[in-house]
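Colleague: A structural model of the following input is requested.
(one chain, ligands or ions: 1)
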Amino acid sequence: MDDFHHTWPYERVMNDLYFEECPFCHASPVMISIKKEAIKGAFEGIKTEIIMPCCHEKIAVTGMDNDYIWADRPLR
Ligand SMILES: [Zn+2]
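Modeller: Numbering: from 1, shown residues only. This is a model prediction of the structure:
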């Protein structure tokens with residue numbers, strides 16, 4: 001859970017999540033489509049999935065805090 005390379009920062013604006021930059025295709029900014037319940041679950045370590053709207057890459061999210069998401073593979 002603490003491997004920096006598996007993290008990616010996000011911004012929260014109201015109920016929407018944004019990545020300043022997509023870790024795959026570097027589009028920016030990118031709005032992430034993820035349900036409120038999935039976010040709550042991710043904070044508790046329940047796996048969820050994000051499909052990037054820009055390049056359709058899939059991120060298996062294994063955790064989340066107020067600044068970062070954790071993925072099951074290196075994002076940087
Ligand atoms: Zn992308």
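
Colleague: Paired strands for the longest strand along the chain, with orientation please.
Modeller: Among all segments of the chain classified by DSSP state E, the strand with the greatest residue count is strand 58-64. Strand 58-64 sits in its sheet next to strand 48-51 (antiparallel), strand 68-71 (antiparallel), going by DSSP bridges.

Colleague: Where does the prediction get shaky in this protein?
Modeller: 1-2 (pLDDT under 70).

Colleague: Next to the ion, which bits of it? Give me the list.
Modeller: 22, 24-25, 27, 52, 54-55 (Cβ under 5 Å from the ion). Every C-beta, even on glycine, is put in place using the N, C-alpha and C of the backbone.

Colleague: Skipping adjacent residues, who's closest to M52 in space?
Modeller: Once flanking residues are discounted, M52 sits nearest to C22: 5.6 Å by Cβ to Cβ, 6 or more residues apart in numbering.

Colleague: what's the neighbour count on the one you found?
Modeller: C22 is flanked by 20 other residues according to other Cβ atoms under 10 Å.
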